[in-house]
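>>> Test case, fold it:
(one chain, ligands or ions: 3)
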Amino acid sequence: MLQTRLRRPAVTIGSAIAALAAGGLVALSFAGCGIVAPGPVDTTGEVDFDAPLAIPPLAESHLDADGTRVFALDAQAGSTEFAPGATSATWGFNGSFLGPTLVADRGERVRVDVTNSLDEATTVHWHGMHLPAAMDGGPHQMIEPGGSFSPEWVVDQPAATLWYHPHPHGETESHVTKGLAGMFLLHDEAERALGLPGAYGVDDIPVIVQDAGFSADGVREDAQRGYAGGLGDELLVNGTRGPFLEVGTELVRLRLLNASPARTYAFTWSDARPVELIATDGGLLEASVALDHVRLSPGERAEVLLRVAPGERVVLQSRMTAETAGLEPVVASMNGGADAFDVLEVRAADELAPAASVASKLAEITDFDEADVATTRTFELGDSFEINGEAMDMGRIDETVTVGTLERWVVENSNAVPHSFHVHDVQFRIASIDGEAPPPELAGWKDTIFTEPETTYELLMRFDDYADPGTPYMYHCHLLWHEDQGMMGQFAVVEPGQRATMSEGTHHEH
Ligand code: C2O
Ligand code: CU
Ligand code: CU
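Ligands and ions are numbered 1, 2, ... in the order given. Prediction:
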């Protein structure tokens, strides 16, 4: 199956862009793989908001004899009506599209019994979770059709909005866009003491944003492919097309997840009120930040607070511009970087329950001391879907990290197109962006960042446990098409002096 896929474009991304810019072409073919750069999309003011926002159910769990919280997820094929009477073939966990929301507490031991009822192999990866590599659900933990995987670990990180999705090498975009994705929420005592809205589906709302293409009668179609990957011209939120959300409290917490394969959003409110950001990928910020938009690339999350007045309506929108995307206008227009969408209409009831006051200090985030950095590594995101000039090889461990050390990863996007950069196992801090301190919205815990063209990001991360020289974790571009083409590498965490070598059975030949 790998042979039929594009391994290396005959035309590099940079040269294709240059050709487009020079010739004003809108279509161009990469070695047998048709790329049609989609034109700008603007759905603001055009969405009917006639469907109540679906709320993914909470995943059931039970405590087994030793106190482990046990969940069950079954990957299955099904069909979904995104428009009344129009049936689309989709995949989901324990249902036909997306999956239930898993919730656990810091300190709990959890296990997820994953089964695969599909007729293809897949995996389930716990994006943002600190856990042993063998439990990570990456491309080495394939679950064959009819097979199962029961990873378990102890939740050992702050309250956060994490998520789960498949990670089979070369097939991630396909499996995620068919519908395999869900949220994994972590809580802790410190977060509970803050008085934040916390009633799931009532004032604490999952908002899983995905773009999609639809036929005129509402059947899902393949999205158009820009250089970023497939870009749909409509949005689904939690699988709902044109969603509205009725709220009955003055204060609402929205957990935004960009589960789209390629599209980056700039979330904003229709009346231009500030977006009150309280948390990023790995947990709460020290204090909320008022922004005019929150930019999320694929894989990133943000928690925002919304204060509403009785009876009011306000629309969550996404308004990307070349400037918010950090892109040249021609590149922006071909990669969704000039698109605007209506996302979700929030309707406040005529009478609202009062909100508790939220503490102004949300969390304590201790900075890493750069003097402790044991190793500095560089990751160049270049042309041709490579990192440091190499495409992903399942049999090659690219980086070996010593457990118990602080590392500096310098990520350099030397491309004209945007990428994103995600690291498994850890939450990192951004030490600098082109030598400058990060803005407050990027100063907290992160596991995925949007990397603007010609920009260098310095990340600090600690690898505190789970040495396993034979099982690597992944780092990769989270634009899923890029990842599938090989924009990914592997690192192993080892004891001091140990060598990383792929263990038997985890190296899949292709
Ligand atoms: Cu969200 Cu390696 O993945
Ligand atoms: Cu991940
Ligand atoms: Cu990329």
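>>> pull the helix or strand with minimum mean pLDDT from this protein.
Ranking every helix and strand in the chain by mean pLDDT, DSSP states H and E puts strand 27-30 at the bottom, with a mean of 37.
>>> List the contacts of the residue of the chain found nearest ligand 1.
Distances between the chain and ligand 1 by C-beta to the nearest ligand atom are smallest at His127, namely 3.6 Å. All C-beta spots, glycine's among them, are computed from the backbone N, C-alpha and C. Counting by C-beta atoms under 8 Å, 6 or more residues apart in numbering, His127 makes contact with 162-165, 299, 422, 447-448.
>>> do His169 as well
By C-beta under 8 Å, 6+ apart, His169 lies in contact with 139, 392, 394, 484, 488, 508.
>>> And the residue of the stretch 1-150 of the chain at minimum distance from ligand 2, how close does it get to Gly138?
Taking C-beta to the ion, ligand 2 has its nearest neighbour within the stretch 1-150 of the chain at His127, 3.7 Å off. Distance of His127 to Gly138, computed by C-beta to C-beta, to the nearest Å: 10 Å.
>>> Between these two, which contacts overlap?
Contact criterion C-beta under 8 Å, 6+ apart; residues shared by His127 and Gly138: none found.
>>> residue ranges for the helices of the chain, please.
Assigned by DSSP state H, the helices in the chain fall at 13-23, 172-178, 189-192, 322-325, 329-334, 480-485.
>>> Comparing those helices, which comes out most buried?
Among those, helix 480-485 has the highest mean neighbour count (mean count of other C-beta atoms under 10 Å), at a mean of 26.
>>> any idea of the mean pLDDT in that one?
Averaged across helix 480-485, pLDDT comes to 96.
>>> Which strands and helices lie in contact with that helix?
Contacts defined by 3 or more C-beta pairs under 8 Å, 6 or more residues apart in numbering; DSSP states H and E place helix 480-485 against helix 172-178, strand 229-231.
>>> How about residues contacting the first one?
I take that to be helix 172-178. By C-beta under 8 Å, 6+ apart, helix 172-178 touches 89-91, 122, 165-166, 168, 210, 212, 223, 229-230, 259, 261, 480-481, 483-484.
>>> what about it and ligand 2, any contact?
No. Using C-beta under 5 Å from the ion, helix 172-178 never reaches ligand 2; the gap is at least 10.4 Å.
>>> In PDB, list the C-alpha atoms belonging to that helix.
Taking C-alpha atoms only, helix 172-178 is exported to PDB below (Å, rounded to 0.1, in the frame of the first residue of the first chain):
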ATOM      1  CA  THR A 172      -3.800   8.900   9.700                       C
ATOM      2  CA  GLU A 173      -5.500  11.500   7.600                       C
ATOM      3  CA  SER A 174      -7.900   8.900   6.200                       C
ATOM      4  CA  HIS A 175      -8.800   7.400   9.600                       C
ATOM      5  CA  VAL A 176      -9.300  10.700  11.300                       C
ATOM      6  CA  THR A 177     -11.300  12.300   8.600                       C
ATOM      7  CA  LYS A 178     -13.600   9.300   8.400                       C
END
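>>> Now do it: distance to the chain's middle.
Between the centre of helix 172-178 and the centre of its chain there are 13 Å (C-alpha atoms, centre = their mean, to the nearest Å).
>>> The last one too?
Strand 229-231 has its average C-alpha position 15 Å from the chain's average C-alpha position, going by C-alpha atoms, centre = their mean.
>>> partners of that strand, with directions?
Using DSSP bridges, the strands paired with strand 229-231 in its sheet are strand 224-226 (antiparallel).
>>> Would you format the helices and strands packed on helix 480-485 as a markdown table with distance to Ser360 included?
Formatted as a markdown table, those follow (distance: least, C-beta to C-beta, whole Å):
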| stretch | distance to Ser360 |
| --- | --- |
| helix 172-178 | 37 |
| strand 229-231 | 39 |
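>>> closest one to ligand 3 among those?
Nearest to ligand 3 among these is strand 229-231; the distance by C-beta to the ion comes to 8.1 Å.
>>> Is there proximity between the closest one and ligand 3?
No. Using C-beta under 5 Å from the ion, strand 229-231 stays clear of ligand 3, coming no nearer than 8.1 Å.
>>> I'd like the mean pLDDT over that strand, please.
In this model, strand 229-231 has an average pLDDT of 93.
>>> with the contacts of His127 in mind, which one is nearest to Val403?
Relative to Val403, the closest of the contacts of His127 is Asp447; by C-beta to C-beta it sits at 18.6 Å.
>>> can you tell me how far the residue of the stretch 301-450 of the chain found nearest ligand 2 sits from Gly85?
Closest approach between the stretch 301-450 of the chain and ligand 2, counting by C-beta to the ion: His424, at 4.7 Å. Here the criterion is C-beta to C-beta. By it, His424 lies 41 Å from Gly85.
>>> Of the two, which one has the most company?
Neighbour count, other C-beta atoms under 10 Å: between His424 and Gly85, His424 has more, with 24 against 7.
>>> Quick check: nearest residue in space to the more buried one, chain neighbours excluded?
For His424, ignoring the flanking residues on the chain, the nearest one in space by C-beta to C-beta, 6 or more residues apart in numbering is Tyr473 at 4.0 Å.
>>> and if you look at Leu58?
Distance criterion C-beta to C-beta, 6+ apart; nearest residue to Leu58, sequence neighbours excluded, is Thr101 at 5.4 Å.
>>> Equivalent analysis for Ala160, please.
Of all residues not flanking Ala160 in the chain, Gly283 sits nearest, at 4.2 Å (C-beta to C-beta, 6+ apart).
>>> Ser150 now?
Spatial nearest neighbour of Ser150, chain neighbours left out: Asp113 (4.9 Å); criterion: C-beta to C-beta, 6+ apart.
>>> close enough to count as contact, the one you found and Phe71?
Yes. Between Asp113 and Phe71 there is a contact at 7.1 Å, judged by C-beta atoms under 8 Å.
>>> which residue does the stretch 251-400 of the chain bring closest to ligand 2?
Closest point on the stretch 251-400 of the chain to ligand 2, by C-beta to the ion, is Gly299, at 7.1 Å.
>>> can you pull the pLDDT of that residue?
Looking at Gly299, its pLDDT stands at 98.
>>> Pull the contacting residues for it.
By C-beta under 8 Å, 6+ apart, the contact set of Gly299 is 127, 258-259, 420, 422, 447-448, 478.
>>> near ligand 2, which residues of the stretch 101-250 of the chain?
Counting by C-beta under 5 Å from the ion, the residues of the stretch 101-250 of the chain near ligand 2 are His127.
>>> quick one, strands of the stretch 101-250 of the chain?
Counting by DSSP state E, counting those that start in this stretch, one finds strands in the stretch 101-250 of the chain at the ranges 102-105, 109-116, 125-127, 148-149, 152-154, 160-165, 182-187, 204-214, 220-221, 224-226, 229-231, 234-237, 243-249.
>>> weakest of those strands by average pLDDT?
Of all the strands of the stretch 101-250 of the chain, mean pLDDT reaches its minimum on strand 224-226 (a mean of 84).
>>> Roughly how far does Leu53 sit from Val237?
6 Å.
>>> Over to Ala492?
Note on Ala492: its distance to Val237, by C-beta to C-beta, is 38 Å.
>>> now do Gly395
Separation of Gly395 from Val237 (C-beta to C-beta) stands at 40 Å.
>>> tally of neighbours for the residue of the stretch 151-300 of the chain found nearest ligand 3?
Closest residue of the stretch 151-300 of the chain to ligand 3, C-beta to the ion: Ala228 (7.3 Å). Per other C-beta under 10 Å, the neighbour tally for Ala228 reads 29.
>>> which residues does it contact?
Going by C-beta under 8 Å, 6+ apart, Ala228 touches 262-264, 335-336, 417-418, 479, 481-482.
>>> Now with 7 Å, please.
Applying C-beta atoms under 7 Å, 6 or more residues apart in numbering, one finds that Ala228 lies in contact with 262, 335-336, 417-418, 479.
>>> For these, give me CSV that also has neighbour count and distance to Thr324.
CSV is the format used below for the contacts of Ala228 (neighbours: other C-beta atoms under 10 Å; distance: C-beta to C-beta, whole Å):
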residue, neighbour count, distance to Thr324
Ala262, 27, 16
Asn335, 26, 13
Gly336, 29, 12
Val417, 24, 16
Pro418, 27, 11
Leu479, 30, 17
